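Fold the following and give me the result.
(chains A and B)
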Amino acid sequence: MYVSVYKIKPKVKSAPLAPPHSSAKVKQTMDQLEFNRRQMLTIMGGAAAAASLPLGAFAADPFKLWAPGIAKVGGKDWAAMEKEAGISIANIAKSARADESIQKMVVGDGNKLYDAMTDNGGGMEDALASQGAIVEIDTSKIPNWANVDARYKEGGDAADTIRHEGKVVAIPYISNADSLAFNHEKVGEELTSWEALFDEQFRGRAAMQNDFGPTLTNTAIYLKQSGKQDIVNASDMTEDEVKGVCGFLIDLKKKGHFRTFWDGVQNGADLLSSEEVLVSSCWEVIQIFAARKNGQDIRYGSMKEGHQAWNNVVMLTKGGQERGMEDSFNALANVYLSPWFGSRTLAGLGFTPQMTGVNEYIESNPDEFDADTKALLTERLARKKERNENPGNAWQNVFPTNIRAYQDWWARVQAA
Amino acid sequence: MDSTTSKAAGGSSVGSLRPSLSETMGKWAFRLPIIFMVVFFALPMALTVVFSVFERTMFWMEPGFSLLAYENFFFSARLNNFLSSMYYSLIAVAICFVLGFPIAVFLRKSVPQVAQHRVVLLFILPFMVSEVIRVFALRPVLQRNGLVNETLMDLGLISEPITALLYSHTGVIIGEVMSFLPFIVFSGFLAMEAVPKYIFEVCDDLGAGTVRRFIDVILPLAAPGIFAGCVFIFVNGLGVALLPNILGGAGAVNAGLIATQAIAALDFPLAMAVSAIMMATLMGLLYIGHRLFDLTKILSPIN
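As a prediction, the model looks like this:
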């Protein structure tokens, strides 16, 4: 059961300066001086009334959301999200860089600027909560919390990505288990193992992400599950484990195996669609964009060894709470946990919905999802389920314990 | 004599002794650039060095004295990356000079004086387009099935696409040349102010060949301007992270990208150290250039 629409009316309207219909009449019946005096009194009265209101009265202000474009569905702007949540949203574009979030929220003035923000779960929520930049969320005020994916309630790695010291401080809105995209037409078979990414048949036609986090984690998963290296936790490796993983990549790089390490969606999609690379470990959205671009048969496999799982979460800032924006946040969080959002982010960008009831929603809305789209989404959802349930998966860890070893060894991979 | 005394003594006006408003404004007009440079250039530069020796914390840094950031730079693969980006920047500088300086000479020597500046303005046009777009636009030209490869294959000159044009050091160098070539044209054009037109005629009269005329006459006279243009290209090659990011191969980096990656990993002292090292490199280059070519000549007329 879910609540598809959860609307909150603006709580307080700002005090009117003057009755809207009265000014013309006023101008006809009194001289300019009198008018100005009355007008001034009205303004002063309005200002005094506004000053006496509690902080919550400003909830009618737009809800300032610091989030990237992928946090919205339903069009190029935020209108559909606003309509669904029943709030006015002022979106401030955000990158996915952890340093930017930390700079703004911990060192800078982010709490003055933003009521809510998004970022990677699995590290950022702990970092921000430990610094008092975000606050606990009262999930009882979010009706659709009842539908959140069970893994967030059961404890374990996924549940940890939205909690700090046992308290829920973040609401997941998208997630995925990253995998291998490949040009099926050129490769000629379905790829189901990371082995293909490192296989010499794709020498010079393979790519990975230019980011030590996902690249080292996915490589570690492969090395661990294939028995090529002893790794305890692919999400949080020791220095020796990092050294082993990077040694493996350096060896391949010296042989000219990697065409490049990609940065950004456009870059990653171009690589695949232009056939510069035939196999690439990447986000699913890259595979979708690459396949759409020239209509090529570029697929996203399920790797038997496992995948790096990740999510993106939305958080209420301390400043947002102080400005009385909690209800607006809950309204938005409720939309993020609704199948209305989940089905659209699945269809548009290929992200995994974070709630139950998506298939039912798609079934019950044939006017929005035609038969082809329905079949595509059902199949996409099934593959996601398969990937997400792989026991070899490792969750994204934004701040691994030995982050310096990750950085230093990644520099060596780059220099090789 | 203060104003009160002067008034009492003979009635001369106060305004005649005090500096007028326009005089005061005039003085500040000259001071403002200095203040601006101190506040927005010298001070941040000094702070960069100071921050580079701060202690790294989980999310930021705290005052202290630690050379760990420099150790992390000089005793890691980052130094190799830095040196290799210097090497490839030097290649880009050389190519820019070979392609760009003759254009500057041609403009000064062969284009009528009234049209010279208009022609130079043509080189500004590419800057009207965002650099990201300009660099991205190279992709469809250089890629495996791009314009260059398709053309060469259609002409039967190659049977397999040349893959070294993109996602390689070659790709980065091509990007640097495309992005920075106008700078050597501008600086070369300005440098050629030091070479009056009659010099060409004198050389012709004395029978100096093109090569000798270039090496013995033009180059020494225009050297300060050429050097300034080369330094500009070199430093940009080191610092503009965009180029290796978009056109470079697996892990292609330059100093700018090293600093960006350090910031992304919240290692702010390391990012500051990389910036300080880049600044030191630039200062060192300028010092050498000044000793060799007397860079003050850039601003001096030939006569």
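
Distance of the residue in the stretch 151-300 of chain B that chain A sits nearest to relative to residue A:122?
Relative to chain A, the nearest point of the stretch 151-300 of chain B is residue B:251 (3.2 Å; Cβ to the nearest Cβ). For every residue, glycine as well, the C-beta is placed using N, CA and C. Look at residue B:251 and residue A:122: by Cβ to Cβ, to the nearest Å, they are 25 Å apart.

how about the residues of the stretch 1-150 of chain B near chain A?
Within the stretch 1-150 of chain B, the positions adjacent to chain A are B:58-60, B:72, B:76-78, B:80-81, B:84, B:136, B:139-140, B:143-146 by Cβ under 8 Å from any Cβ of the partner chain.

picking up where we left off before, is the residue of the stretch 151-300 of chain B closest to chain A in contact with residue A:263, as I believe?
No - under the criterion of Cβ atoms under 8 Å, residue B:251 is not in contact with residue A:263, lying 11.2 Å apart.

more crowded one of those two?
More neighbours surround residue B:251 than the other of residue B:251 and residue A:263, with 24 against 17 (other Cβ atoms under 10 Å in any protein chain shown).

Helix, strand or coil: sort out that one for me.
Assigned by DSSP: H, G, I helix; E, B strand; the rest coil, the conformation of residue B:251 is coil.

Tell me who's in contact with it.
By Cβ atoms under 8 Å, 6 or more residues apart in numbering or on different chains, the residues touching residue B:251 are A:210, A:253, A:258, A:261, A:413, A:414, A:415, A:416.

cool, residue A:208 as well?
Per Cβ under 8 Å, 6+ apart, neighbours of residue A:208: A:197, A:215, A:218, A:219, A:258, A:261, A:262, A:280, A:281, B:250.

how does it look with 10 Å?
For residue A:208, the contact set (Cβ atoms under 10 Å, 6 or more residues apart in numbering or on different chains) comprises A:180, A:197-198, A:214-216, A:218-219, A:249, A:252-253, A:257-262, A:277, A:279-282, A:413, B:250-251.

Keep only those of these that are in helices.
Mapping these onto helices (DSSP state H) picks out A:197, A:198, A:214, A:215, A:216, A:218, A:219, A:249, A:252, A:253, A:413.

filter the residues you listed by proximity to chain B?
The subset of those within reach of chain B, by Cβ under 10 Å from any Cβ of the partner chain, is A:249, A:252, A:253, A:413.

ok, which pair from the residues you listed is furthest apart?
A:252 and A:413 (9.6 Å; Cβ to Cβ).

any shared contact partners between those two?
By Cβ under 10 Å, 6+ apart, residue A:252 and residue A:413 have these common neighbours: A:208, A:219, A:258, B:250.

and residue A:366, helix, strand or coil?
Put simply, residue A:366 is coil when judged by three-state DSSP.

show me what contacts the residue nearest the centre of chain A?
In chain A, the centroid-proximal residue (Cα atoms, centre = their mean) is residue A:312; its distance is 3.3 Å. By Cβ under 10 Å, 6+ apart, the contact set of residue A:312 is A:67-68, A:70-71, A:96, A:118-121, A:124, A:161, A:170, A:172-176, A:336, A:351, A:354, A:396.

Share the number of residues neighbouring residue B:151, please.
Residues near residue B:151, counting by other Cβ under 10 Å, number 12.

Need the residues that contact the helix or strand hosting it.
Using DSSP states H and E, the element containing residue B:151 is helix B:147-154. Contacts with helix B:147-154, where a contact means Cβ under 10 Å, 6+ apart, come from B:138, B:140-145, B:157-163, B:165-166.

and if we set it to 6 Å?
B:141, B:158, B:161 (Cβ atoms under 6 Å, 6 or more residues apart in numbering or on different chains).

Okay, strands next: where are they in the chain?
Since no chain was named, I'll use chain A. In chain A, the segments counted as strands under DSSP state E are A:63-66, A:89-92, A:116-120, A:163-164, A:167-168, A:171-183, A:206-209, A:258-262, A:279-282, A:298-300, A:308-316, A:394-395.

that answer is for a different chain, and I need it for chain B
Here chain B has its strands, by DSSP E, at B:55-56, B:61-62.
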